[in-house]
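Participant: model the following, please.
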Amino acid sequence: MRIFYFFLVVFGLTLTACGAPETNTQPDALVTTNWTLVSADSRVEFISVKKGTIVETHSFTDLSGMVLRNGVATVSIHLNSLETNIDIRNERMKKHLFETDRTDIAGVSAVLNLTQFETMAIGARKDITLPISLIMHSNVMKMDIVMVVTRLGDNKVVVESRTPVILDTDKFNFAPGILKLQELAKLNVIATEVPVMFSLTFERG
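Facilitator: Model prediction:
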């Protein structure tokens, strides 16, 4: 069994609104263009541990999001896209932990100052700490996330977690779901803190 936690993560994933071509000495159209999350090139993963020593990585394969020209950023994690590589575990976690029959979406939101990215050259990396809000089943967790923003091209950036984000499942009232999963898997205990990692690609234009 695992440390079951959604993380989402993702968390300040929306930092990818970087901007400005390497050779351009003037601010580019950063504040007049939206950035869209590329789901196929993005990932949100979380780690679970069973029997105290067996570590496994799980992921959400369907993400969507956007950074608007005013700096408002949102990322949606589609919980039914959970992939643990074991079908029965996928179904149990979606039903008893994430309760996807209630809602299939966990949301992340943030507001950022796009001008701080205007002078980034292609290939440049920048560390940033961003306050984000993580929302699931009407529960809201606010935290500061440390991320690395990499400029891949004029219109493409990647935002990654600097280190794993440790999330506490108790903050989302996951205790009943964890107890049910523990019962189904015949385990004595499941840890309640989960490391979450993410890598998000955004494009504009």
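
Participant: residues in a beta bridge with T74, which ones?
Facilitator: Using DSSP bridges, the bridge partners assigned to T74 are M66, S109.

Participant: ok, it - contacts?
Facilitator: T14, G65, M66, G107, V108, S109 (C-beta atoms under 8 Å, 6 or more residues apart in numbering). Every residue, glycine included, has its C-beta placed from N, CA and C.

Participant: would you list these in TSV and tack on pLDDT?
Facilitator: TSV is the format used below for these (pLDDT from 0 to 100):
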residue	pLDDT
T14	36
G65	97
M66	95
G107	94
V108	95
S109	94
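
Participant: tell me the one of those residues nearest L184?
Facilitator: Comparing the contacts of T74 against L184 with C-beta to C-beta places G107 closest, at 28.0 Å.

Participant: for the closest one, give its distance to F198.
Facilitator: Computed as C-beta to C-beta, to the nearest Å, the G107 to F198 distance reads 14 Å.

Participant: of the two, which one has the most company?
Facilitator: F198 (29 against 17; other C-beta atoms under 10 Å).

Participant: strands paired with the host helix or strand of the more buried one, and their directions?
Facilitator: Secondary structure from DSSP states H and E places F198 in strand 193-204. Strand pairing for strand 193-204, determined by DSSP bridges: strand 35-37 (antiparallel), strand 43-50 (antiparallel), strand 156-161 (antiparallel), strand 165-168 (antiparallel).

Participant: show me what the longest strand anywhere in the chain pairs with in its sheet, parallel or antiparallel.
Facilitator: Ranked by number of residues, the top strand in the chain under DSSP state E is strand 139-153. Applying DSSP bridges, strand 139-153 is found paired with strand 125-136 (antiparallel), strand 156-161 (antiparallel).

Participant: which one of the strands paired with strand 193-204 lies nearest to E203?
Facilitator: Of the strands paired with strand 193-204, nearest to E203 by C-beta to C-beta is strand 156-161, at 5.1 Å.

Participant: returning to what we had before: filter the contacts of T74 to the buried ones?
Facilitator: Among the contacts of T74, those classed as buried by neighbour count (16 or more other C-beta atoms under 10 Å) are T14, G65, M66, G107, V108, S109.
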